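Undergrad: Structure for this input, please:
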Amino acid sequence: MANVSLKQVKKAYGDVIAVEDFSMDIKDKEFIVFVGPSGCGKSTTLRMIAGLEEISDGEIFIEEECVNNVAPKDRDIAMVFQNYALYPHMTVFENMALALKNKHFKKEEIEKRIQEASKILDLEDLLKRKPRELSGGQRQRAAIGRAIVRHPKVFLMDEPLSNLDAKLRVKMRAEIGSLHKRLQTTFIYVTHDQLEAMTLGERIVVMSKGIIQQIGSPEEIYHHPKNMFVAGFIGSPAMNFLTGSLEERPDGIWLFSDSFQLLLPEAKGEELVEKGYLDQKIVCGIRPEEFEVELNRENPNDCRMLEFCVDLVENMGRESYVYFKIGLEEVVALTQQRVGYQSGQTVTFYINMERVHFFDPASQLVIA
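TA: This is a model prediction of the structure:
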């Protein structure tokens, strides 16, 4: 059982807190992704699990054993780095064999493990080459192969795809997902790319400023963000935020400002009133796909219409991003077809109000 537990783990560099009160349990064979902007503490957390960074406080357990004082080489983990970390003077075979030789494995066992790993990673024809003779994707596969041959309890991957071009990243992302299913080993993966997090992770840990913001499945993180940071970080294009005041009128509860007026669905309006937000400022979060340029519904009761002037259109092939302003806020709508709008054109948008989120502007926590 290669389960990993972190209990109130902290990392400080003098007065600078890099990671604060990090606690979670990672199940055996689970694929966990740490995601967040640069400097949020995700790589530092990974390095503490590996033993490459000394923790300032808290405890880390691997298979129920506290490893705070266990050397990295004795934790039975394998780490894949962003820069591959291959020895340039060694062949792919020699790079993959080195850790096994250091542990005094027999030659036959070393060759067997390398042949197994190279077959999985399609490296069989590259074993005699040196890193300089490989492409970026081949180097990354070689680095992963070096980790696989050790048969570790836990794989740690620190932004392994960030040096690859866009097309190769997509291919390698699929290969890593497939590799996890084959190996049935615990994977802990660090990235700043929310698309990688959403496609690879069984659970995602969203971090900011050294603090866990939310832990959940990709669906939970996307559809039920706990705060404005998570809502704005996960999703591309990012969620739009509009600030307005809540007002009760004869026909229902409205969110309004100088730039817009939106009638809320009855249940959501009542919930916000019950929580004390009547006549108070509130933030409405709308994902770009909840804007519809053309209303294709027989019953539009859950939609609200707004008319705005187009600033910019980005045609992305099978979909388009339409940019416009609501007051001072720049807003983007995602449409599932190529549109021929021009800058300065007035367009009617419909918002699916059943799918919007509401946040407290002070705490930035979700309230409905």
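
Undergrad: Quick check: which ranges of the stretch 251-368 of the chain have low pLDDT?
TA: 293-303 (pLDDT under 70).

Undergrad: One more pass at 50, please.
TA: 299, 302 (pLDDT under 50).

Undergrad: where does the nearest residue to residue 254 once chain neighbours are set aside land in three-state SS?
TA: In space, residue 254 comes closest to residue 247 once its chain neighbours are excluded; the distance is 5.1 Å by Cβ to Cβ, 6 or more residues apart in numbering. Using the backbone N, CA and C atoms, a C-beta is placed for each residue, glycine as well. Under DSSP: H, G, I helix; E, B strand; the rest coil, residue 247 falls in the strand class.

Undergrad: Give me the pLDDT for residue 247.
TA: Looking at residue 247, its pLDDT is 93.

Undergrad: per-domain residue ranges of the chain.
TA: In terms of domains, the chain is parsed into 4-233, 240-359 (source: automatic domain parsing).

Undergrad: how much space between residue 353 and residue 177?
TA: Here residue 353 is placed at a distance of 35 Å from residue 177 (Cβ to Cβ, to the nearest Å).

Undergrad: Compare the two and say which is more crowded by neighbours.
TA: residue 353 (20 against 14; other Cβ atoms under 10 Å).

Undergrad: Next, the more buried one: phi, psi?
TA: phi -70, psi -20 (degrees, to the nearest 10).

Undergrad: thought it was touching residue 262?
TA: Yes. Counting by Cβ atoms under 8 Å, residue 353 touches residue 262, with 6.8 Å between them.

Undergrad: Please enumerate the shared neighbours of those two.
TA: Contact criterion Cβ atoms under 8 Å, 6 or more residues apart in numbering; residues shared by residue 353 and residue 262: residue 304.

Undergrad: Remind me which helix or strand residue 285 belongs to.
TA: strand 281-286 (DSSP states H and E).

Undergrad: now the helices for the stretch 51-200 of the chain?
TA: Using DSSP state H, counting those that start in this stretch, the helices of the stretch 51-200 of the chain run over residues 92-102, 107-120, 136-148, 166-183, 194-200.

Undergrad: got a list of what the residue nearest to residue 254 touches?
TA: 253-256, 278-279.

Undergrad: make it 7 Å
TA: Residues near residue 247 by Cβ atoms under 7 Å, 6 or more residues apart in numbering: 254, 256, 279.

Undergrad: and the longest strand for this protein?
TA: In the chain, assigned by DSSP state E, the strand with the most residues is strand 303-315.

Undergrad: residues in contact with that one?
TA: With contacts defined as Cβ under 7 Å, 6+ apart, strand 303-315 is touched by 260, 262-263, 295, 297, 320-326, 338-339, 341-353.

Undergrad: So which of the domains of the chain is the most surrounded?
TA: Per-stretch averages of neighbours, counted by mean count of other Cβ atoms under 10 Å, single out domain 4-233 among these, with a mean of 18.

Undergrad: quick one: terminal-to-terminal distance for it?
TA: 26 Å (Cα to Cα, to the nearest Å).

Undergrad: quick one: that domain to chain centroid distance?
TA: Here domain 4-233 is found 14 Å from its chain centre; the criterion is Cα atoms, centre = their mean, to the nearest Å.

Undergrad: Could you do stretch 275-294 as well?
TA: Remark: stretch 275-294 is offset 24 Å from the chain centroid, using Cα atoms, centre = their mean.

Undergrad: Just the CA trace of that stretch, in PDB.
TA: What follows is stretch 275-294, C-alpha atoms only, in PDB (Å, rounded to 0.1, in the frame of the first residue of the first chain):
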ATOM      1  CA  LYS A 275     -28.100  34.500   4.100                       C
ATOM      2  CA  GLY A 276     -28.400  38.200   4.700                       C
ATOM      3  CA  TYR A 277     -27.200  39.700   1.300                       C
ATOM      4  CA  LEU A 278     -30.200  41.700   0.500                       C
ATOM      5  CA  ASP A 279     -29.100  45.300  -0.300                       C
ATOM      6  CA  GLN A 280     -25.500  44.200   0.000                       C
ATOM      7  CA  LYS A 281     -22.700  44.000  -2.600                       C
ATOM      8  CA  ILE A 282     -22.200  40.500  -4.100                       C
ATOM      9  CA  VAL A 283     -20.000  39.000  -6.800                       C
ATOM     10  CA  CYS A 284     -21.500  37.000  -9.600                       C
ATOM     11  CA  GLY A 285     -19.200  34.400 -11.300                       C
ATOM     12  CA  ILE A 286     -20.100  33.400 -14.900                       C
ATOM     13  CA  ARG A 287     -18.100  30.900 -16.900                       C
ATOM     14  CA  PRO A 288     -17.600  31.900 -20.600                       C
ATOM     15  CA  GLU A 289     -19.700  29.000 -21.800                       C
ATOM     16  CA  GLU A 290     -22.700  30.100 -19.900                       C
ATOM     17  CA  PHE A 291     -23.200  33.000 -22.300                       C
ATOM     18  CA  GLU A 292     -25.200  32.000 -25.400                       C
ATOM     19  CA  VAL A 293     -25.100  34.300 -28.400                       C
ATOM     20  CA  GLU A 294     -28.300  32.700 -29.900                       C
END
